[in-house]
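Chemist: Output the structure for:
(chains A and B)
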Amino acid sequence: MVIFCLGLMAATSPALTKVELEYPSAWPSPVYNFEKSPLTKEGIALGRKLFYDPILSADSSMSCSNCHLSYTAFTHVDHDLSHGIGDSIGTRNSPALMNLAWNQSFMWDGAVNHLDVQALAPITHPAEMGEELNNVIAKLQRTAVYPILFKTVFGESIITGEHLLKALSQFQLTLISANSKYDKMKRGEAAFSEQEQRGYQLFKANCNTCHQEPLFTNGAFENTGLQIDTTLNDYGRMLITQHASDSLRFKVPTLRNIEFSYPYTHDGRFKTIRQVLNHYSDGVSESRTLADELKGGIPLSSNEKVDLTAFLLTLTDKEFLFNPDFAFPRN
Amino acid sequence: MKRAIIGFFLAFISICATAQSVRFAPGFGDDELKLDSSYVLPNGTEVSVETLRFYISNVEVHKNGTAVWTESASYHLLDAAKPESLHLFIPIKQGDTLVFLLGIDSLTNVSGAMGGDLDPSRGMYWAWNSGYINFKLEGTSPICNTRNNAFEFHLGGYAYPTPTVQRIELPVTGNLLQVDVEAFLNQINLEEENRVMSPSAESAVLAKKAASIFHFQDEK
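Modeler: Prediction:
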């Protein structure tokens, strides 16, 4: 019966404006099942309102956007580790949010298996928003506006965990970055400089296995030879799978908008692209689970690092970063 | 007319023979389980149960090895603290076999946010290691050297190699299905094992033990 009702609701009500996700034709099909949860203009607007609303946190002080700022590719650039309510500090760097419909898993260790249930993690973590899902729902229900908005989008003014989470998904699914110089070059709308072209060749030879085009991640978990930070002792993926072979593996992040999404790595230890490249050329620490591709490091000369950086900067997508549809909703 | 009366009578008999619901009856040995009450295990250990909640899903009635009744969207959260949650509409007869899963199948575990009994707001979902808690048993025992002498078993995890969902097949002998918490605790040394709250090999072993405590008994 539950699913039967869901099935009926999944079919978009005629009063709602259906939205088709737009993305480059050369991209693979999204992982997210849009047939089951179709995007609507109203659902996206509700998700956006929720994303920017501090009501989601225990003391109503923090919204999703505190750590995921639109102008910096939906991450924060002020801290290495995420900050939560009451000046609490987490154990990992907040990830940039974009092209989430193609993610097979979420969080640095893949702890979350679906975009819909991702928001549960930061909402309930004591060092993030520190709230309980049922409290969030009760607070939303007490407002004048949210029951009306949920009724419009989901046909029910009684707010449920499912609907809250699906609304947040709807907004986040629209965060598509596909208009960088790199994308325009691929579409024949722009040309790379000689330096950018040299950097692109270096990228294809040294980085593309993990940071696979066109999404610039393969979604896998790899040990990139970062020495463990003994103040955190974070073993990454192993904490989820409990397999020793997953020790020190973290999700391969996308490189899109890398210029704006510093600091880098799961613990935010590198502030500049140069520091990251120096790590790959000279700082890779050998261990049992180190990625094969990184054994002995990636030999890169100083000039090559400059060229590679020039290419990485072509992944900046200003239309994404400054898209008014993604910013704080003014109305 | 006589024939109609006989027909009606026969129909009435067949309705009587088919129970329309199964009541899951949390118990402690031969007794009814009362939450927050003290019990003593056969080995002398004193225990009290505060929470017993579990998912029953994919319910089917089989006759001679084939399914004669299935239920679409068959997901039920049963809670010892909510008697109304313990009655499930399942048409069963003596001689049938009741087949169900204790827990939630792996596909549902990776399908995002769900509604009804599967809504993550029901307190049976892990936020930081996505997936449903299939079986939750919480209580206290003086033998547990833990804060407030608490024991907490949150059994779940859908992924290889430690899936916890259990398929249970029970020959129907009544419509009262006992869930014997004593039988679960008897298989555990609470002094050493009292806190399992994430997918693990231990959780998978305990899930098998949890599956062994479901038995039909005749209505008293």
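Chemist: Pull up the residues of chain B that are close to chain A.
Modeler: B:72-73, B:75, B:109-123, B:125, B:127-131, B:159, B:200-201 (C-beta under 8 Å from any C-beta of the partner chain). Every residue, glycine included, has its C-beta placed from N, CA and C.
Chemist: same thing but 6 Å
Modeler: Contact residues (C-beta under 6 Å from any C-beta of the partner chain) of chain B with chain A: B:73, B:110, B:112-116, B:119-121, B:127-130.
Chemist: Out of those residues, which two sit at the greatest distance?
Modeler: By the measure C-beta to C-beta, B:A73 and B:W128 form the most distant pair in the residues of chain B next to chain A, at 27.2 Å.
Chemist: next structured bit after the helix or strand of chain B with the lowest mean pLDDT?
Modeler: For chain B, using mean pLDDT, DSSP states H and E, the weakest element among its helices and strands is helix B:2-17, scoring a mean of 50. Using DSSP states H and E, the helix or strand that directly follows helix B:2-17 along the chain is strand B:19-28.
Chemist: Report the distance from that following strand to the chain centre.
Modeler: 10 Å (C-alpha atoms, centre = their mean, to the nearest Å).
Chemist: List the buried residues in it.
Modeler: Residues of strand B:19-28 classed as buried under the neighbour-count rule (16 or more other C-beta atoms under 10 Å in any protein chain shown) are B:19, B:22, B:24-28.
Chemist: likewise stretch A:269-279?
Modeler: Counting neighbours by 16+ other C-beta under 10 Å, the buried set in stretch A:269-279 is A:269-270, A:273, A:276-277, A:279.
Chemist: Repeat that for stretch A:290-305.
Modeler: Within stretch A:290-305, the residues scored as buried using 16+ other C-beta under 10 Å are A:290-291, A:294, A:298, A:300, A:304-305.
Chemist: And the furthest pair within the buried residues of strand B:19-28?
Modeler: B:A19 and B:F28 (24.3 Å).
Chemist: how about the helices in the chain?
Modeler: With no chain named, the answer covers chain A. With DSSP state H, the ranges of helices along chain A come out as A:2-10, A:41-51, A:115-118, A:120-124, A:133-142, A:146-154, A:161-173, A:181-186, A:194-206, A:238-241, A:273-278, A:302-313, A:318-321.
Chemist: not what I meant, chain B
Modeler: Under DSSP H, chain B gives helices at B:2-17, B:106-109, B:181-185, B:201-211.
Chemist: Which neighbouring elements make contact with the last one?
Modeler: For helix B:201-211, the contact count by 3 or more C-beta pairs under 6 Å, 6 or more residues apart in numbering or on different chains; DSSP states H and E identifies strand B:150-156, strand B:166-171, strand B:195-196 as packing neighbours.
Chemist: who does the last one touch, helix- and strand-wise?
Modeler: Going back to what we said before, that points to strand B:195-196. Checking 3+ C-beta pairs under 6 Å, 6+ apart, strand B:195-196 ends up next to helix B:201-211.
Chemist: what does the helix it packs on rub up against?
Modeler: B:102, B:135, B:155, B:157, B:162, B:164, B:166, B:168, B:184, B:187, B:196 (C-beta atoms under 6 Å, 6 or more residues apart in numbering or on different chains).
Chemist: what do you get for stretch A:211-230?
Modeler: Contacts for stretch A:211-230 (C-beta under 6 Å, 6+ apart): A:27, A:99, A:102, A:104, A:210, A:237, A:248-249, A:251-252, A:254-256, A:267, A:284-285, A:289-291, A:294.
Chemist: So which of those residues belong to strands?
Modeler: The strands, defined by DSSP state E, take in A:K251 from the contacts of stretch A:211-230.
Chemist: Filter the contacts of stretch A:211-230 down to the buried ones, PyMOL style.
Modeler: Selecting only the buried entries of these in PyMOL, with 16+ other C-beta under 10 Å as the criterion:
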select buried, chain A and resi 27+99+102+210+237+248+249+251+252+254+255+256+267+284+289+290+291+294
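Chemist: among the contacts of stretch A:211-230, which are within reach of chain B?
Modeler: Of the contacts of stretch A:211-230, not one also sits near chain B (C-beta under 6 Å from any C-beta).
Chemist: Would you quantify the distance from B:P163 to chain A?
Modeler: Distance, B:P163 to chain A, using C-beta to the nearest C-beta, to the nearest Å: 13 Å.
Chemist: Show me what from the stretch 101-250 of chain A comes close to chain B.
Modeler: Counting by C-beta under 6 Å from any C-beta, the stretch 101-250 of chain A sits next to chain B at A:111-114, A:116-117, A:120-121, A:124, A:133-134, A:160-162, A:165-166, A:240.
Chemist: Straight-line length of stretch A:87-99, end to end?
Modeler: Terminal residues of stretch A:87-99 lie 30 Å apart, using C-alpha to C-alpha, to the nearest Å.
Chemist: swap that for stretch A:223-235, sorry
Modeler: Taking C-alpha to C-alpha as the criterion, the two ends of stretch A:223-235 lie 10 Å apart.
Chemist: hmm, back to that, from the buried residues of stretch A:269-279, pick the one nearest B:H215.
Modeler: A:R269 (56.1 Å).
Chemist: what's in contact with stretch A:155-165?
Modeler: A:9, A:116, A:119, A:133, A:137, A:140-141, A:147, A:150-151, A:154, B:113-115, B:119-121.
Chemist: Now do the closest residue to B:P199 other than its chain neighbours: how many residues are near it, please.
Modeler: With sequence-adjacent residues excluded and distances taken as C-beta to C-beta, 6 or more residues apart in numbering or on different chains, B:P199 is closest to B:G157, at 2.4 Å. Per other C-beta atoms under 10 Å in any protein chain shown, the neighbour tally for B:G157 reads 27.
Chemist: number of nearby residues for A:P28?
Modeler: Residues near A:P28, counting by other C-beta under 10 Å: 9.
Chemist: and A:G90, how far is that from A:N113?
Modeler: 20 Å (C-beta to C-beta, to the nearest Å).
Chemist: so where is chain B shaky, pLDDT-wise?
Modeler: B:1-18, B:218-220 (pLDDT under 70).
Chemist: which strands and helices sit next to the lengthiest strand in it?
Modeler: Ranked by residue count and defined by DSSP E, the top strand of chain B is strand B:46-63. The contact analysis (3+ C-beta pairs under 6 Å, 6+ apart) places strand B:46-63 against strand B:38-40, strand B:66-70, strand B:75-79, strand B:97-102, strand B:131-140.
Chemist: what would those look like in JSON lines with mean neighbour count?
Modeler: Listed next are these as JSON lines, based on neighbours: other C-beta atoms under 10 Å in any protein chain shown:
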{"stretch": "strand B:38-40", "mean neighbour count": "14"}
{"stretch": "strand B:66-70", "mean neighbour count": "12"}
{"stretch": "strand B:75-79", "mean neighbour count": "21"}
{"stretch": "strand B:97-102", "mean neighbour count": "20"}
{"stretch": "strand B:131-140", "mean neighbour count": "23"}
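Chemist: For stretch A:295-315, give the mean pLDDT please.
Modeler: For stretch A:295-315, mean pLDDT is 97.
Chemist: chain center to that stretch: distance?
Modeler: How far stretch A:295-315 lies from its chain's middle: 24 Å, per C-alpha atoms, centre = their mean.
Chemist: Likewise for stretch A:129-141?
Modeler: Using C-alpha atoms, centre = their mean, the offset of stretch A:129-141 from its chain centre is 23 Å.
Chemist: Repeat that for stretch A:142-160.
Modeler: 27 Å.
Chemist: any idea how far chain B is from A:R142?
Modeler: Distance from A:R142 to chain B, by C-beta to the nearest C-beta: 16 Å.
Chemist: burial of residue 48, as a residue count?
Modeler: As the question left the chain open, I've gone with chain A. Count around A:R48 with other C-beta under 10 Å applied: 22.
Chemist: should've been chain B
Modeler: With other C-beta under 10 Å as criterion, B:S48 counts 16.
Chemist: What's opposite it in the beta bridge?
Modeler: Beta-bridge pairing for B:S48 (DSSP bridges): B:S38, B:T140.
Chemist: List the residues that contact B:F54.
Modeler: B:78, B:135.
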